[in-house]
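Visitor: I need the structure of the sequence given here:
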Amino acid sequence: MPTPPPTPVPTEQPPYPPGFLQQLAADIKTWGREAGFQQVGITDTDLGAEPQRLQQWLAKGYQADMQWLAERADMRTQPAQLLPGTERVICLRMDYLPADTNQIKVLKNPAQAYVSRYALGRDYHKLIRKRLAALAQKIEQRVQALLPDQPIQQRAFVDSAPVLERPLAARAGLGWVGKHTLVLNSDAGSWFFLGEILTSVPLPVDTSVQPDRCGTCQACLKVCPTDAFPRPYELDARRCISYLTIENKGPIPEEFREPMGNRVFGCDDCQAICPWNKFASFSAEDDFKPRQQLDRATLVELFHWSEQQFLDNTAGSAIRRTGYQGWLRNLAVGLGNAPTSPAVVAALQARAEHPSELVREHVQWALRQHQNPGRVRRRKIKRDQ
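Guide: Numbers count the residues shown, from 1 in each chain. Reported below is the predicted structural model:
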């Protein structure tokens, strides 16, 4: 039996004086914008049919080896289990797309390395978490200035805990979950990060939500190089380049290596082609600007990085998540798909005897690719192949 939705809490209840919670909600949105967030919304903890959808998704094995998604499934669907006393979820979004990153140009140049646009600058977790913590502190100070004995429970999250952030963001009015499973906003596209504050303060919820405006468009589903969408609104992580190049710690299945092309950390294809992203705004955050020229680096130059260079150059970056061996593995695949040249072959040969079996296997695959440089490489694969 599905868990019944929680009993709604009145927006004005003792000990809060009349009008206090409405004004606090308005102030929270002002404070959020002042902190660099483009939008703030407030919702309750009722996730509707999402618990059933999550269980169905997990039953299909679409989480790949990310077992932590299944281990804490109950917490994901019931925020109050994560933070007892939770009444509301404050959802926020922050644009991250840096200007002039030439994403399409890089994708079309097989000698360059494509890094997902969100990972070009500083790790967003640290930046957003700090700002959410400051916002939560303001909320607590405002409440306790009026009611010093009123206990408050709050906790901030940025893609770091079992929170179904996308359905919550949609319920809070930040957009709708698109066919590519990312949140879309009719005024801002999808190039943004999400963050949440769970709070015990019974703030009034936002009732104005954006309807699903994907319509009949299937551009995001069709463009996926590895056909990772078995159907609209459903992602099979086992086939997703973002999973394969970041969360996956083992070898990349051979069937996906050619379709990966030059994507060495993540993939943005489903976002890049989305018509709604013509409304996206560039980020004004300096921390999201590209570092180490990652928006224009070649595969060969990145493959030459030593482990110490990797650690130095990715300090404070989300790229650290893949680890040095994973980084070389991904780059080896990119080099296997690159045009044959003396520099490419020499770079691969230089790591042919790498201590890591994972790296060696992908380097050997890449070298075999260049033994027949005239072959037609597959840039896309279908699920039935």
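Visitor: And the strands in this structure, which stretches?
Guide: 39-43, 88-95, 114-115, 154-157, 176-177, 183-184, 192-199, 263-265 (DSSP state E).
Visitor: Flag the shaky bits of the stretch 251-385 of the chain, pLDDT-wise.
Guide: 373-380, 382-385 (pLDDT under 70).
Visitor: one more time with 80, if that's ok
Guide: 372-385 (pLDDT under 80).
Visitor: Okay, helices next: where are they in it?
Guide: Assigned helices in the stretch 251-385 of the chain, in chain order: 254-260, 269-272, 299-303, 307-313, 323-337, 342-350, 357-369 (criterion: DSSP state H, counting those that start in this stretch).
Visitor: Next up, the contacts around the residue nearest to Gln22 when sequence neighbours are not counted.
Guide: The shortest distance from Gln22 to any non-neighbouring residue, by C-beta to C-beta, 6 or more residues apart in numbering, is to Pro204 (5.7 Å). (Glycine included, C-beta is placed from N, CA and C.) By C-beta atoms under 8 Å, 6 or more residues apart in numbering, Pro204 lies in contact with 11, 21-22, 25, 42.
Visitor: cool, Leu198 as well?
Guide: Leu198 neighbours (C-beta under 8 Å, 6+ apart): 79, 82-83, 86, 88-89, 153-157, 163.
Visitor: Drop anything exposed from these.
Guide: 79, 82-83, 86, 88-89, 154-157, 163 (16 or more other C-beta atoms under 10 Å).
Visitor: Of these, which one scores lowest on pLDDT?
Guide: Looking at these by pLDDT, the weakest one is Val163, with 82.
Visitor: What residue, apart from its backbone neighbours, is nearest that one spatially?
Guide: Per C-beta to C-beta, 6+ apart, closest to Val163 is Phe157, 5.1 Å.
Visitor: Hmm, the one you found is touching Leu194, no?
Guide: No - contact between Phe157 and Leu194 fails when scored by C-beta atoms under 8 Å: they sit 9.3 Å apart.
Visitor: and for those two, which residues touch both?
Guide: Glu165.
Visitor: how many other residues sit next to Trp365?
Guide: 17 (other C-beta atoms under 10 Å).
Visitor: Look up how far Glu255 lies from it.
Guide: Separation of Trp365 from Glu255 (C-beta to C-beta, to the nearest Å): 12 Å.
Visitor: now Ser317
Guide: 29 Å.
Visitor: what's the answer for His362, then?
Guide: Distance from His362 to Glu255, by C-beta to C-beta: 14 Å.
Visitor: Who has more neighbours out of the two?
Guide: For His362 versus Glu255, neighbours defined as other C-beta under 10 Å are more numerous around His362 (28 against 12).
Visitor: show me the contacts for the closest residue to the more buried one other than its chain neighbours.
Guide: Closest residue in space to His362, ignoring its immediate chain neighbours: Ala332 at 3.9 Å, by C-beta to C-beta, 6+ apart. Shown in contact with Ala332 (C-beta under 8 Å, 6+ apart): 303, 348, 351, 359, 362-363, 365-366.
Visitor: Next, give me the two most distant ones among those.
Guide: The largest distance within those, taken as C-beta to C-beta, falls between Phe303 and Trp365 and amounts to 14.3 Å.
Visitor: Look up how far Tyr243 lies from the nearest residue to Leu311 once chain neighbours are set aside.
Guide: Once flanking residues are discounted, Leu311 sits nearest to Tyr324: 7.4 Å by C-beta to C-beta, 6+ apart. Using C-beta to C-beta, we find Tyr324 at a distance of 19 Å from Tyr243.
Visitor: How about His370: what's its closest non-neighbour residue?
Guide: Using C-beta to C-beta, 6+ apart, the nearest residue to His370 is Thr340, at 4.6 Å.
Visitor: Tell me if I'm right that the one you found and Gln371 touch.
Guide: No - counting by C-beta under 8 Å, Gln371 is not a contact partner of Thr340; they are 9.1 Å apart.
Visitor: out of the two, which sits in the more crowded spot?
Guide: Shown here are Thr340 and Gln371; by other C-beta under 10 Å, Thr340 has more neighbours (13 against 9).
Visitor: how much space between the more buried one and Ala347?
Guide: Counting by C-beta to C-beta, the gap from Thr340 to Ala347 is 12 Å.
Visitor: Could you tell me which residues touch both of the two?
Guide: Common neighbours of Thr340 and Ala347 (C-beta under 8 Å, 6+ apart) do not exist.
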